[in-house]
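1. Mind folding the following:
(4 chains)
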Number of protein chains: 2
Amino acid sequence: MSKGEDTRGAILETALSSASTLGLSGLSIGELARELQMSKSGLFAHFDSKEHLQLEVLRTAVGQFIDTVISPALRQQRGEPRVRALFENWFAWATRKSLPGGCLFISSASEFDDQPGAIRDYLVATQRDWLSVVRHAVSIAVEERHFRSDLDPDQFAHDFYSILLAYHHFSRLLESPDAQERALRSFEQLIGSARG
Amino acid sequence: MSKGEDTRGAILETALSSASTLGLSGLSIGELARELQMSKSGLFAHFDSKEHLQLEVLRTAVGQFIDTVISPALRQQRGEPRVRALFENWFAWATRKSLPGGCLFISSASEFDDQPGAIRDYLVATQRDWLSVVRHAVSIAVEERHFRSDLDPDQFAHDFYSILLAYHHFSRLLESPDAQERALRSFEQLIGSARG
DNA sequence: GACAAAATAGAACGATCGTTCTATTTTGTC
DNA sequence: GACAAAATAGAACGATCGTTCTATTTTGTC
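-> Numbering: from 1, shown residues only, chains lettered A, B, ... in the order given. As a prediction, the model looks like this:
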């Protein structure tokens, strides 16, 4: 790994962490340079534009999401266990130390839902991918007869993600101490109704 | 109504609308002044600080929320009809023309969940109030024997709001055409399980 | 260690930010 | 319509924004 790639990686780590609390738009090249003790122009040279930096931050987050949430789940047994793993791993993701402000995808969602452009497009694609990973795991669980055959995997994926969205909202803004417990309960109910 | 109050009201209307798409932090006094064809300093004089302007925008939104969602629901029959009205009225709120960017409370939530201060405090208080309005309507429905007696109104309010949060996410970012239909279906299921 | 290439720093750009100050205009009352 | 009060405008502030340019330093290769 060359020096440049090293620096670039360090910048993206720091930027990801601060984007999770300040939002992607809240990122400031000057502020990042100060944190990393380098010059604005030196930092800028790695990305050519702020939007490109923001996209790279999102790509970094996607990489971590795959490593933390998706890949470990794929190593679990097909069917219900894998669906459960996706759910549990997501919590590990949303509470990991490198994301002090919670899931970057969720916080960026309302930030960019009205801002057309490359960032919004990438966010939308990412969310669609995530939903289809869940949907696919669910249809495998139907195949394996862990879930009932008339289950709608699309609706399940939707309800699955709803639980996570609500958890994020309640735990971060309202600081409800029972947010996680509630999410777990909702999830068990969802699984229960899927078993039929 | 004096001239000053008139202007102030017009500023808040415009600011609310643009905050719904750009976020509360995205508000710019210079940009607002341009839209309203007045001077920055003339506009500024009404609020004394940007944070105060942001708080007043939120207060304006709360007023509209009460008028659109809560008051009409309180005029409905106690019990399940009132709970239904709260749900339906919320959709009118989230799609109203003065909020082109959707519900300001939801978009501000992830924007300020990591920014301590008066705005965050006010948002938290607002969300708590809203949840307790729902909770109260639900316990009345229990009293009226529309819902089963062992129903947990707190959990119901949580699930109720989860549906709205998910709808907001899916309809705004992913532009799912079936988001509302899905929300309605989830709501009917929630009501069904509450009847017991 | 010479040397080109890669990485970083420094200074400056035009633009915009929120805010303060003073001057001017408009409003409402007698 | 005179007159004080209220509302608005204008100019300027220091700070920060993303970006561009040129100069310097550091890296990696022979």
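2. So residue A:92 sits against residue A:68, correct?
-> Yes. Taking C-beta atoms under 8 Å as the definition, residue A:92 is a contact partner of residue A:68 at 5.9 Å. To be clear about C-beta, it is placed using only N, CA and C from the backbone, and glycine gets the same treatment.
3. Who has more neighbours out of these two?
-> Neighbour tally, residue A:92 and residue A:68, criterion other C-beta atoms under 10 Å in any protein chain shown: the higher count belongs to residue A:68, 18 against 11.
4. thinking that one is in contact with residue A:96, fair?
-> Yes. Residue A:68 is within contact range of residue A:96, at 6.8 Å (criterion: C-beta under 8 Å).
5. Would you mind naming what in chain A lies close to DNA strand D?
-> Residues of chain A that fall close to DNA strand D, judged by C-beta under 7 Å from any atom of the strand: A:2-3, A:27-31, A:40-41, A:44-45, A:48-51.
6. In strands, which of those fall?
-> Residues of these located in strands (DSSP state E): none.
7. For chain A, which residues are neighbours of DNA strand C?
-> Checking chain A against DNA strand C by C-beta under 7 Å from any atom of the strand, the hits are A:2-8, A:37-43, A:45-46.
8. which one of these sits closest to chain B?
-> Checking the residues of chain A next to DNA strand C against chain B by C-beta to the nearest C-beta gives residue A:40 as the nearest, at 21.8 Å.
9. residues contacting the closest one?
-> For residue A:40, the contacting residues are A:29-30, A:33, by C-beta atoms under 8 Å, 6 or more residues apart in numbering or on different chains.
10. Out of the residues you listed, which end up buried?
-> Buried by 16 or more other C-beta atoms under 10 Å in any protein chain shown: A:29, A:33, out of the contacts of residue A:40.
11. Just the ones of the contacts of residue A:40 in helices?
-> Using DSSP state H, the subset of the contacts of residue A:40 located in helices is A:29-30, A:33.
12. Tell me the one of the residues you listed nearest DNA strand D?
-> The closest of the ones in helices among the contacts of residue A:40 to DNA strand D turns out to be residue A:30 (C-beta to the nearest atom of the strand; 2.8 Å).
13. Could I get the contacting residues of that closest one?
-> residue A:40.
14. try residue A:94
-> A:102-103, A:164, A:167-168.
15. Flag every residue of chain A that's near chain B.
-> For chain A, the residues in contact with chain B (C-beta under 8 Å from any C-beta of the partner chain) are A:21-23, A:25-26, A:100-102, A:106-107, A:109-114, A:120, A:123-124, A:127-128, A:155, A:158-159, A:161-163, A:165-166, A:168-170, A:172-175, A:182, A:185-186.
16. Now list the buried members of the residues you listed.
-> Buried by 16+ other C-beta under 10 Å: A:21-23, A:25-26, A:101-102, A:106-107, A:109-114, A:120, A:123-124, A:127, A:155, A:158-159, A:161-163, A:165-166, A:168-170, A:172-174, A:182, A:186, out of the residues of chain A next to chain B.
17. Of those residues, which belong to helices?
-> A:21-22, A:106-107, A:109-112, A:120, A:123-124, A:127, A:155, A:158-159, A:161-163, A:165-166, A:168-170, A:172, A:182, A:186.
18. Remind me what the helix or strand encompassing residue A:19 packs against, helices and strands.
-> Assigned by DSSP states H and E, residue A:19 falls within helix A:3-22. When contacts are defined as 3 or more C-beta pairs under 8 Å, 6 or more residues apart in numbering or on different chains; DSSP states H and E, helix A:3-22 sits against helix A:29-36, helix A:50-65, helix A:104-112.
19. Buried deepest among those helices, which one?
-> helix A:104-112 (a mean of 24; mean count of other C-beta atoms under 10 Å in any protein chain shown).
20. Identify all contacting residues around it.
-> A:16, A:19-20, A:23-25, A:57-58, A:61, A:65, A:101, A:119-120, A:123, A:126-127, A:130, A:164-165, A:168, B:23, B:102, B:106-107, B:109-111, B:113, B:168-169, B:172-173.
21. can we see that at 7 Å?
-> A:16, A:19-20, A:23-25, A:61, A:101, A:119-120, A:123, A:126-127, A:165, A:168, B:23, B:106-107, B:110-111, B:169, B:173 (C-beta atoms under 7 Å, 6 or more residues apart in numbering or on different chains).
22. Flag the least confident of the residues of chain A next to DNA strand D.
-> Least confident of the residues of chain A next to DNA strand D in the model: residue A:3, at 79.
23. show me what contacts that residue?
-> Listed by C-beta under 7 Å, 6+ apart, residue A:3 has no contact partners.
24. How much space separates it from residue A:42?
-> With the distance defined as C-beta to C-beta, to the nearest Å, residue A:3 ends up 12 Å from residue A:42.
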